[in-house]
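[1] Starting from these lines, generate the structure:
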Amino acid sequence: MLPPFPENLDKDQEKQYTAAWWNIFFLVIGSIKALLLVICVIFVFLLFDIQPTAFWKKKEINYTTKSTYVPIVDADDRIENGIHVSSGLKFDENFELVRANCTACHSGKLIAQNRATREGWQQMIRWMQATQNLWDLGSKEPKILDYLEKHYAPQEVGRRATIDVAEVEWYILNIE
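    Residues are numbered from 1 along each chain as shown. A predicted model of the protein is given here:
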């Protein structure tokens, strides 16, 4: 494994010569290990798309937004055909009051899909206050109930009109 000893070496010189070669061998092995480690680190950075500068850059933390309520601005705040597009609620003078108090906890589409009388809406509000931690609406409650009663009251849903068979245009279906 080691190159042949030079001639005319005594025992101490042979030991020093052997030790020097072993030191060179371990230095080469250590360099190969270091090179493999660097290659593995580069591979991990590339595999997980890690930016090396992320380790020494200071991360800025804005502590004011941690405890402050920041309202979510609707991406689509348009009114089309009397309907607020993003919430699905009908638009009138009490819309903002309803949106501020009702959609803070749930979607406006939950309101739009339900129908109730004024008393029914008031019972739902009492239920939310008792079980869902809804705050006391105070003087806003009558305006909210006015809005809900006006736009989301029960609708008369009956059967479709009777078909007058004499007025129907009949035709013969040809299957050929």
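[2] Please make it C-alpha for all contacts and neighbour counts, starting now.
    Will do.
[3] Return the set of buried residues in stretch 99-112.
    Using 16 or more other CA atoms under 10 Å as the test for burial, stretch 99-112 gives Arg99, Asn101, Cys102, Gly108, Ile111.
[4] Let me see the contact set for the nearest residue to the first one once chain neighbours are set aside.
    It refers to Arg99. Spatially, and ignoring its direct neighbours in sequence, Arg99 is nearest to Gly108 (7.3 Å; CA to CA, 6 or more residues apart in numbering). Counting by CA atoms under 8 Å, 6 or more residues apart in numbering, Gly108 touches Ser87, Gly88, Leu89, Arg99, Cys102.
[5] In helices, which of those appear?
    Counting by DSSP state H, these place Arg99, Cys102 in helices.
[6] Closest one to Leu173 out of the contacts of Gly108, please.
    Leu173 lies nearest to Gly88 out of the contacts of Gly108, by CA to CA, at 43.3 Å.
[7] in this protein, which spans are helices?
    With helices called from DSSP H, the chain shows them at 11-47, 64-67, 95-102, 108-112, 118-131, 141-151.
[8] looking at those helices, which one has the lowest mean pLDDT?
    Mean pLDDT is lowest for helix 64-67 out of those, coming in at a mean of 50.
[9] okay, now the domains of this structure?
    11-54, 74-151 (automatic domain parsing).
[10] Point out the most buried one among the ones you listed.
    domain 74-151 (a mean of 15; mean count of other CA atoms under 10 Å).
[11] and that domain, how far out from the chain's middle?
    25 Å (CA atoms, centre = their mean, to the nearest Å).
[12] Same question for stretch 40-52.
    In terms of CA atoms, centre = their mean, the centre of stretch 40-52 is found 26 Å from the chain centre.
[13] ok, residues contacting that stretch?
    Applying CA under 8 Å, 6+ apart, stretch 40-52 turns out to have no external contacts.
[14] at 10 Å instead, please
    For stretch 40-52, contacts defined as CA atoms under 10 Å, 6 or more residues apart in numbering pick out Ala34, Leu36, Leu37, Val38, Ile39.
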